[in-house]
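In: Test case, fold it:
(one chain, ligands or ions: 2)
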Amino acid sequence: MSGETLHVYFLGTAGALPTPLRNPPCIMVRRGSDTLLFDCGEGAQQQMMRSRCGFTVNAVFITHWHADHFLGLFGLVQTMSFNGRTEPLTIYGPEWVHDFVTILRQVARYNLKFSLESVEMTEGSWVRFDGYTITAFFTRHGMPSLGYVLEEDPRPGRFNRDRAIELGVPPGPLFGRLQRGEVIRLGTGNESQEIHPDAVMGISRPGRKIVYTGDTKAVHMTIQEFAHDADLLIHDATYDESEAERGAEFFHATAAQAGEAAAVLNARVLALVHTSSRYPDARDHIADAKKKFSGSIIAPDDLDMTEIAFRDEV
Ligand SMILES: [Zn+2]
Ligand SMILES: [Zn+2]
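Out: Numbering: from 1, shown residues only. Ligands and ions are numbered 1, 2, ... in the order given. A predicted model of the protein is given here:
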């Protein structure tokens, strides 16, 4: 069940300023045939071209209204129109999202061929998609700001084929019905017997979970309710330890704080992003995060892609 692929593309991993090798923030998540953008920094559409994923974006989630996180939408929307998009596109974001989308419509007034919708999110707001939910949580960035959780629905437990045969269920379509949670009936009349799916299915297993903090100072204690047990935690890691004070002043996290968050939140993999342009190589920060977190840590380059596996299949 739930064999949907789940890929995360790091289209933009820079901090506030782009560098020759890093674009402003943009994380693209592809689950099955769905494509979601989390933030959409300048140049996002070219990064999408480079990743060869097309422009069929289903929804956009913005963490906050600093320009490095949304400027890419202006160009992307024009290109979508140019390519003949007709389906509406919804932009989700913290307060001011309605004003932002009004501006976006105005800028695109002569070219917009589809409807742009806006939905304001706050802590605990959620959006249902087919097989998963996106939930917002508050972060601390000195302005209205949100992080997002993508969480898949739980998967059914494993099907115990031997037990089913033991109970007299013939291999074939009835197996599928039990796996889908249906009660089946074997035989007819007085001899008939009901088989409940519980008799042949193991306990349900968690789906996959991705957490993206956007820009924030250390918040792990307050986001625990939403951000625990992520398979991938994508965390602000703007500064190194020598700049911890600066980080707190400008509402950003250090790589070590990102590591601490990953440990407290019991993440499986931590991705350090939004690295300040003052540092030549974001990978230098992995050691800082490692002091706090013993799990796997990456400092992705732009266009890196990671596939998220199920915890019980790793
Ligand atoms: Zn930023
Ligand atoms: Zn910011």
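
In: can you count the residues close to the residue of the stretch 1-150 of the chain found nearest ligand 2?
Out: Relative to ligand 2, the nearest point of the stretch 1-150 of the chain is H66 (3.5 Å; Cβ to the ion). Where you see a C-beta, it was placed from the backbone N, CA and C, and this is true even at glycine. A total of 20 residues lie near H66 under the criterion other Cβ atoms under 10 Å.

In: phi, psi of it?
Out: phi -90, psi 140 (degrees, to the nearest 10).

In: can you pull the pLDDT of it?
Out: Here the pLDDT value assigned to H66 is 98.

In: residue contacts, it?
Out: Going by Cβ atoms under 8 Å, 6 or more residues apart in numbering, H66 touches A16, H141, M143, D215.

In: Now do the strands in the stretch 1-150 of the chain.
Out: Secondary structure of the stretch 1-150 of the chain by DSSP state E, counting those that start in this stretch: the strands cover 6-12, 26-31, 34-38, 59-61, 89-93, 116-120, 126-129, 132-138, 146-152.

In: so can I have JSON lines of these showing mean neighbour count?
Out: Below are the strands of the stretch 1-150 of the chain laid out as JSON lines (neighbours: other Cβ atoms under 10 Å):
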{"stretch": "strand 6-12", "mean neighbour count": "24"}
{"stretch": "strand 26-31", "mean neighbour count": "24"}
{"stretch": "strand 34-38", "mean neighbour count": "22"}
{"stretch": "strand 59-61", "mean neighbour count": "23"}
{"stretch": "strand 89-93", "mean neighbour count": "21"}
{"stretch": "strand 116-120", "mean neighbour count": "16"}
{"stretch": "strand 126-129", "mean neighbour count": "14"}
{"stretch": "strand 132-138", "mean neighbour count": "20"}
{"stretch": "strand 146-152", "mean neighbour count": "25"}
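
In: Figure out which of those strands is closest to A282.
Out: Of all the strands of the stretch 1-150 of the chain, it is strand 6-12 that lies closest to A282, at 10.6 Å by Cβ to Cβ.

In: and that closest one, anywhere near ligand 2?
Out: No. Contact of strand 6-12 with ligand 2 (Cβ under 5 Å from the ion) is absent, the minimum separation being 13.0 Å.

In: Report the buried residues of the lowest-mean-pLDDT helix or strand in the chain.
Out: Ranked by mean pLDDT, DSSP states H and E, the helix or strand of the chain with the weakest confidence is helix 220-227, at a mean of 86. Neighbour-count burial for helix 220-227 flags H220, I223, F226, A227 (criterion: 16 or more other Cβ atoms under 10 Å).

In: how about the helices of the chain, start to end?
Out: Under the criterion DSSP state H, helices of the chain are mapped to 44-50, 72-82, 97-107, 161-166, 173-179, 220-227, 244-249, 255-264, 286-290.

In: Pick the most buried one from those helices.
Out: Stretch with highest mean neighbour count among the helices of the chain: helix 255-264 (a mean of 25; mean count of other Cβ atoms under 10 Å).

In: follow-up on the earlier one: how close does the residue of the stretch 1-150 of the chain closest to ligand 2 sit to N160?
Out: With the distance defined as Cβ to Cβ, to the nearest Å, H66 ends up 52 Å from N160.

In: What's the separation between H196 and ligand 1?
Out: 52 Å (Cβ to the ion, to the nearest Å).

In: Setting the sequence-adjacent residues aside, check what's closest to the residue of the stretch 201-314 of the chain found nearest ligand 2.
Out: Per Cβ to the ion, D215 is where the stretch 201-314 of the chain lies closest to ligand 2, at 3.6 Å. The shortest distance from D215 to any non-neighbouring residue, by Cβ to Cβ, 6 or more residues apart in numbering, is to H141 (4.8 Å).

In: what does the model give that neighbour for pLDDT?
Out: pLDDT, H141: 96.

In: Going forward, the N-terminal residue is numbered 96.
Out: Renumbered: residue one is now 96, and that last one reads H236.

In: Flag every residue of the stretch 196-345 of the chain that's near ligand 1.
Out: D310.

In: where does the stretch 196-345 of the chain dip in pLDDT?
Out: Applying pLDDT under 70 to the stretch 196-345 of the chain flags no residue at all.
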